[in-house]
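S.K.: Here's my sequence, what's the structure:
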Amino acid sequence: MNFGLILWYAILIIILVLLILYFYIRFKASVIFFVDKDKFFPLPDFIIKLVCAFLFLPFLFFSYKWIFYFGMFVIFQMLFDLVVMTFFANSKKRWFHILYHIFAVPLILTAVFFVLGYVNTQNITRKEYNVPSEKEVLAVSDASSTFTTYEEGSSKLVMLADLHYPKTMNEEKLKEVVDRINEEDADIIVLCGDMTDEDTSKEKMLECIRVLGELDAKLGVFFVWGNHDDNRYNSAPTYEKAEVYEAYKNNGIYVLEDEAVLFGNGILLVGRKDYSDESGRKSMEELLKDASVKTGRSLEELYENVIVVADHEPKEYEQDKAAGCDIVISGHTHDGQIWPLGLFSTLFKMNDLTYGMKQDEGLTQIVTSGLGTWAFPVRTAGRCEYVVINIGE
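M.R.: Residues are numbered from 1 along each chain as shown. You can find the predicted model right below:
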C-alpha cells in the first residue's frame, strides 16, 4: 500500500471521528432540551451513541450514495449551526429551539437541494464551441452516395459522454435526445465513454446501445471506452466487456480503442484506451505511427490534418500537446456533479481540466459535463449537455 493511500485513509478516519463527535454533542444537546436530563439522560445517552454509530456505519462499507446524501446534510447542518451561533445564540423563542433541535432546517434544505438537483438532470442543454484552424478543413456536402463529397466550410463534430444509462432517462427520453442530436446534421459523432456503468443491467445496456445506434452522422458514429463501460466496478457483473463491444458493433457504432481514423475532410480522429485501463495504453507518438502505417501516409502528411483526440478522462494533455495534436475532447468529470466536488477537482488538479474549453499552446482542450449523472439522478453542479464543436474557418 503506497503512502498516498495510507494518508487518504488516515484523513478519512480523522474526519469520521470528528463528525461522530460533532453529532454526538448535537444529539445530546437535543435530548437535554426535550428530556429531563436528571431522570432520563443515561438511557438517551446510550441511544445517542447507537444513532451516531448507525449514521456513520455505512462509511466503513464505502457506500458512496450514503456519503453523498448524508454528506450534504452534514454541510447544511454545520452551516446552520454557524448561523445560529453567530446571529441567534441568545434567542428565547421556544419554536425556534424546537426547529433547531429536530434538525428541521438542514433536513429541509437537503431535501430541496436534491429535488432541484433531480430537476436539473431533466434539462439537456446544447453547448457549442468554435475551434478555428489554420489547417484546411472541409464540410461534408454529401455522404449518401458512393463517394463522399466535400465543400468549403467548417466540420461539425458532436460529442456525448457520461450518460450512465438509465440513471436520468428511460428509453423514450433517450430517443428524444438522439432525435435532437440527429437534427444537428453532424459530420462526426463521438461517444466519449461511460454510456453505461456498473448499475446498468444487461437488458438496459443493450437497450441503450440500440437507441444510440439510431444516431446518424455523415462520416460515422464512434465510441471510446470510459472507466465504467466495461462493468469493472460490479462485484457480480451480468455481462462482459466483449458483449458491450459486440453491441456497439452490431448497432453500427465503431469502437476506437487506441486506434485512429482519417477522414477526407481533413480530420484525423484518434480514440484512446481509457487512462485507468489496467492493461495500459499506447502513447500518442505510437498511435500516430500506427495511423501512418494504417493510412499509408507519412507523419508529415498526417500532420496536415486536424488531429482530434477522443480520451474519456482529461489526463495526459501535456502528452497530446507534445505530440502535436490539435484538439482533445473528454468527459469523466461531470463538472463536479455534486457541489462542491468540482471545486475540489480544480483546486487539487485531479484532472487536467474540469470543464469547458481551454487553449494551451496550440492544443484546444474541451471537457463536457456529460449527458447524465453517476450513482444517482441528481446534479447540483453544472448542466447535463451534449457538445457541438465546429472545426475550421
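
S.K.: Tell me, what's the model's pLDDT at residue 369?
M.R.: Among the per-residue scores, residue 369 shows a pLDDT of 97.

S.K.: who touches it in this structure?
M.R.: 162, 333-335, 337, 355, 382-385 (CB atoms under 8 Å, 6 or more residues apart in numbering). Every residue, glycine included, has its C-beta placed from N, CA and C.

S.K.: again, only using 10 Å
M.R.: By CB atoms under 10 Å, 6 or more residues apart in numbering, the contact list for residue 369 reads 125, 127, 161-162, 331, 333-337, 342, 354-356, 379, 381-385, 387.

S.K.: Any of those buried? List them.
M.R.: Neighbour counting by 16 or more other CB atoms under 10 Å classes 127, 161-162, 331, 333-337, 342, 354-355, 379, 381-382, 384-385, 387 among the contacts of residue 369 as buried.

S.K.: Among those residues, which are located in strands?
M.R.: Among these, DSSP state E puts 127, 385, 387 in strands.

S.K.: Could you dump the residues you listed into a markdown table with pLDDT and distance to residue 204 added?
M.R.: Output for these, formatted as a markdown table (pLDDT from 0 to 100; distance: CB to CB, whole Å):
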| residue | pLDDT | distance to residue 204 |
| --- | --- | --- |
| 127 | 98 | 26 |
| 385 | 98 | 22 |
| 387 | 98 | 24 |
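
S.K.: okay if I get these as TSV plus distance to residue 156?
M.R.: Below are these laid out as TSV (distance: CB to CB, whole Å):
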residue	distance to residue 156
127	13
385	16
387	11
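
S.K.: Out of those residues, flag the one nearest to residue 306.
M.R.: Ranked by distance to residue 306 (CB to CB), those are led by residue 387 at 16.5 Å.

S.K.: residue contacts, the spatially most central residue of the chain?
M.R.: Nearest to the mean C-alpha position of the chain, by CA atoms, centre = their mean, lies residue 334 at 3.1 Å. Contact partners of residue 334, counting by CB under 10 Å, 6+ apart, are 161-162, 164, 194, 341-342, 345, 354-355, 367-370, 372-375, 379, 381-382, 384.

S.K.: ranges for the strands of the stretch 251-393 of the chain?
M.R.: Secondary structure of the stretch 251-393 of the chain (DSSP state E, counting those that start in this stretch): strands at 254-255, 259-262, 267-271, 306-310, 327-330, 356-360, 363-367, 385-391.

S.K.: same check, this time on the stretch 101-250 of the chain
M.R.: 125-131, 138-142, 149-152, 155-160, 188-191, 221-223.

S.K.: Of the strands of the stretch 251-393 of the chain, which is nearest residue 296?
M.R.: strand 259-262 (9.7 Å).

S.K.: Partner strands of the closest one, with direction?
M.R.: strand 267-271 (antiparallel) (DSSP bridges).

S.K.: Just the angle for the partner strand relative to strand 306-310, thanks.
M.R.: Angular relation of strand 267-271 and strand 306-310 on a 0 to 180 degree scale: 20 degrees, by axes from the mean of the first three to the mean of the last three CA atoms, to 10 degrees.

S.K.: the inter-axis angle of strand 267-271 versus strand 138-142?
M.R.: Using the same axes, to 10 degrees: strand 267-271 against strand 138-142 is 90 degrees.

S.K.: Could you check how far strand 267-271 is from the centre of its chain?
M.R.: From the chain centre to the centre of strand 267-271 is a distance of 22 Å (CA atoms, centre = their mean, to the nearest Å).

S.K.: Export only the CA atoms of that strand, formatted as CSV.
M.R.: Only the C-alpha atoms of strand 267-271 are listed here, as CSV (Å, rounded to 0.1, in the frame of the first residue of the first chain):
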residue,chain,number,x,y,z
ILE,A,267,-9.7,15.4,-39.7
LEU,A,268,-7.8,12.6,-38.1
LEU,A,269,-9.8,11.1,-35.1
VAL,A,270,-7.7,9.2,-32.5
GLY,A,271,-9.7,7.2,-30.0
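
S.K.: Check which residues of that strand are buried.
M.R.: 267-271.

S.K.: now the residues you listed in JSON lines, with distance to residue 88 and pLDDT?
M.R.: Compiled in JSON lines, the buried residues of strand 267-271 are given as follows (distance: CB to CB, whole Å; pLDDT from 0 to 100):
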{"residue": "267", "distance to residue 88": "61", "pLDDT": "97"}
{"residue": "268", "distance to residue 88": "63", "pLDDT": "98"}
{"residue": "269", "distance to residue 88": "59", "pLDDT": "98"}
{"residue": "270", "distance to residue 88": "59", "pLDDT": "98"}
{"residue": "271", "distance to residue 88": "57", "pLDDT": "98"}
